[in-house]
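*Asks:* Provided below for reference: sequence and predicted model.
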Amino acid sequence: MRFLFGIVVVGLVVLVGALAYAMRYDEMAEITPPAASTFDRALLDKGTLMAGMGDCEVCHTRAGGEPYAGGLALPTPFGTIYTTNITPDPETGIGKWSLEAFTRAMREGVDREGEYLYPAFPYNHFTKTTDEDIKAIYAFLMARVKPVKYTAPETALPFPFNIRLSLAGWNFLFLKKGPYQPDPTKDEDWNRGAYLVEGLGHCGSCHSPLNALGGEKGGANKFAGGAAEVWYVPPLNTASLAPIPWAPSALVNYLFDGWDKQHGITAGPMTPIIRHLYDQDEDDVFAMAEYIASFQRPIEQAKVDDAMAFAKAREWNPDAPTKPADPALQKGATDFGRLCANCHKLNGQPVPLGLTTTVNMPDPSNVIRIVIEGIKPPPGSRDRSMPPLLVNDGDLAAMLAFMRAQFTTKPAWTNIDEHIKAARAPAAGH
């Protein structure tokens with residue numbers, strides 16, 4: 001009985017301690033919104049860049065809405081989360097937030113009122129940001145963003161995810177608070193790239209798989225691929241699906257312009273990110289490229305030459321159109337020649353399809369979305385747009401089967417019809 005009583009007492013102590021830990025955040029005092037003139041021009045310029053690096057506008061702007069006013073619906077495995085208004089509006093935004101309150105949100109995932117924020121807001125990455133950069137972002141939001149009176153829809157997740165106190169446990173498991181600590185074994189550029197990629201850039205939020213609790217997997221799974229909205233996000237490590245490994249120079253091209261001659265063009269949710277990177281400091285983008293490239297498999301020129309030769313050999317030749325021996329692929333070849341070969345052909349302008357990550361992915365979801373939605377290129381690649389194609393489901397399925405067989409050596413895609421149906425669903429357009 002004494003033993004059981006001891007267990008109960010210890011359990012109660014642990015429970016009370018856990019509740020005290022979870023409820024330790026108080027509401028921070030409101031402030032009068034600071035005047036724009038109180039911020040230094042250099043600080044505002046820095047904040048403009050750093051807010052772009054953090055993609056603040058991307059997530060905090062709903063379709064057709066005012067920039068930074070929130071309301072964007074983010075689908076997660078636990079339900080839909082709506083982003084908040086981070087304009088300096090004092091009633092519906094963060095106009096009454098002090099720098100200290102903003103810093104707490106960035107570092108600890110707790111808002112001014114003391115409420116836990118869902119980690120769809122990647123504070124587990126933003127916590128690595130320096131005080132100086134957080135101050136600059138705060139200044140930018142307060143002085144250069146137009147106040148917008150708008151209240152986003154309330155996030156209403158199912159039980160038990162609607163209990164925000166439970167996020168104290170998530171933070172205990174997955175939040176490592178504090179600014180990025182440089183690796184003394186690496187050079188300055190690599191560490192700068194790591195600071196930006198792991199911090200404000202929060203690349204792992206999409207490019208790493210998540211565990212059952214929504215925490216990013218590390219170790220060998222770091223940058224091993226994930227999901228963003230309804231798009232498959234490819235790996236950035238040695239598991240990269242790109243036939244030619246990403247060299248630092250190729251990554252610089254892609255991060256600045258959204259396009260590289262050995263990899264193709266960006267699409268989907270990566271495109272607005274590239275739009276913001278286009279304006280970043282050149283040294284910062286080079287540093288990010290160096291850091292990401294350090295996770296790639298080594299570049300062997302012989303294998304690069306083989307990949308390039310294969311991709312060119314499989315391109316559509318208008319003088320000798322491809323005629324697959326497999327009757328099941330012949331219709332797809334005909335449809336490809338009718339709809340795609342005007343651009344995707346031997347010695348055409350686009351990158352050989354065999355070099356692109358999309359046709360080498362484990363499922364056809366991204367290719368489908370590109371076909372039906374087209375590509376709206378970022379500023380650095382304005383001349384590389386692709387219009388959406390009007391194609392019925394049967395022709396699209398046949399064309400996808402042909403593309404996989406023609407341009408890769410990977411196994412045939414399965415359940416193509418289901419992927420097409422999912423892409424056509426109204427909610428998928430989010």
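*Replies:* That came through fine.
*Asks:* OK, contacts around R314?
*Replies:* P352, L353, G354, Q406, F407 (C-beta atoms under 8 Å, 6 or more residues apart in numbering). For every residue, glycine as well, the C-beta is placed using N, CA and C.
*Asks:* tally of neighbours for P379?
*Replies:* 12 (other C-beta atoms under 10 Å).
*Asks:* for it, give me the pLDDT.
*Replies:* pLDDT recorded at P379 is 91.
*Asks:* next: N162.
*Replies:* For N162, pLDDT reads 89.
*Asks:* now swap in P122 and tell me
*Replies:* For P122, the model assigns a pLDDT of 96.
*Asks:* where does pLDDT dip in the protein?
*Replies:* Where the chain drops to pLDDT under 70, the residues are 1-24, 427-430.
*Asks:* domain map for it?
*Replies:* 20-174, 188-293, 303-429 (automatic domain parsing).
*Asks:* could I get these as JSON lines with distance to P182?
*Replies:* Compiled in JSON lines, the domains of the chain are given as follows (distance: least, C-beta to C-beta, whole Å):
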{"stretch": "domain 20-174", "distance to P182": "11"}
{"stretch": "domain 188-293", "distance to P182": "4"}
{"stretch": "domain 303-429", "distance to P182": "30"}
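*Asks:* and those domains, which is most packed in?
*Replies:* domain 188-293 (a mean of 19; mean count of other C-beta atoms under 10 Å).
*Asks:* need the strands for the protein, in chain order.
*Replies:* 73-76, 79-82, 226-228, 231-233, 259-260, 264-265 (DSSP state E).
*Asks:* for I299, find the nearest of those.
*Replies:* Among the strands of the chain, strand 259-260 comes nearest to I299, with 13.7 Å by C-beta to C-beta.
*Asks:* tell me what that closest one is packed against?
*Replies:* helix 248-257 (3 or more C-beta pairs under 8 Å, 6 or more residues apart in numbering; DSSP states H and E).
*Asks:* show residues contacting the helix it packs on.
*Replies:* 244, 246, 259-263, 266, 274, 277-278, 285-286, 288-290, 292-293, 378-381.
*Asks:* please state the offset of it from the chain centre?
*Replies:* In this view, helix 248-257 has its centroid 16 Å away from the chain centroid, taken as C-alpha atoms, centre = their mean, to the nearest Å.
*Asks:* again with stretch 214-230
*Replies:* 10 Å.
*Asks:* surely C56 meets F126?
*Replies:* No - using C-beta atoms under 8 Å, C56 is not in contact with F126, being 10.0 Å away.
*Asks:* roughly how far does A325 sit from Q406?
*Replies:* 12 Å (C-beta to C-beta, to the nearest Å).
*Asks:* now N221
*Replies:* Distance from N221 to Q406, by C-beta to C-beta: 32 Å.
*Asks:* then W259?
*Replies:* W259 is 22 Å from Q406, by C-beta to C-beta.
*Asks:* for P235, which non-adjacent residue is closest in space?
*Replies:* G225 (4.0 Å; C-beta to C-beta, 6 or more residues apart in numbering).
*Asks:* just checking, the one you found touches L210?
*Replies:* No - applying C-beta under 8 Å, one finds G225 not in contact with L210, separated by 10.9 Å.
*Asks:* out of the contacts of R314, the closest to E108 would be?
*Replies:* L353 (45.6 Å).
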